[in-house]
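In: Based on what follows, work out the 3D shape:
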Amino acid sequence: MEFDRQVGDGQSSNSWERDTKVAVELWDVSGHHQYEACWPAIMKDSDAVILMYNIENQGHVREIELWYEFFIQNAGLNDQQCIAFAHRSDSQKLIPKVKNPRVGQVPIIGTASDEESIPIIQKEFESFIQELI
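Out: You can find the predicted model right below:
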């Protein structure tokens, strides 16, 4: 999926901060190992990575370490070029920020299957894009 994204608050006195438009290209590479052979081609020339996983699935919790190693460390990216979303179905048990020392300093944002998570995801995505540029 490709789209343009306006970054900045639209009110800054600095025209770059106010009017910058960036092209964003997202690839869903699936964490499933049957697609692992495709990962290197997709990662070629990547500027950043967004990891998403189900925090309620212990297999995913273990696999995020594999994904971190492959998509961040092996690709030569640093932790500031990555963000992770830890999803769960029950927003009552939501932990807004999760830590996993095995994925370095990558911010891990808690999300849930409800309308309240949408603004959180949007805000964190916007902040992530802003920091990248």
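
In: which parts of the helix of greatest length in the chain are buried?
Out: Using DSSP state H to assign secondary structure, the helix with the most residues in the chain is helix 117-132. Neighbour counts using 16 or more other CB atoms under 10 Å place 117, 120, 124-125, 128-129 of helix 117-132 among the buried residues. Quick note: C-beta positions are derived from backbone N, CA and C, even for glycine.

In: Give me the average confidence score over it.
Out: When pLDDT is averaged over helix 117-132, the result is 85.

In: most centrally placed residue in the protein?
Out: Geometric centre of the chain, nearest residue: I50, 2.4 Å, by CA atoms, centre = their mean.

In: can you confirm that one is in a strand?
Out: Yes: according to DSSP: H, G, I helix; E, B strand; the rest coil, I50 belongs to a strand.

In: Tell me, how many residues neighbour the closest residue in space to it that isn't next to it in sequence?
Out: Setting aside the residues directly before and after it, I50 is nearest to I83 in space (CB to CB, 6 or more residues apart in numbering), at 5.6 Å. Residues near I83, counting by other CB atoms under 10 Å, number 22.

In: Which parts of this protein are strands?
Out: Using DSSP state E, the strands of the chain run over 2-6, 21-25, 49-54, 82-88, 97-98, 108-112.
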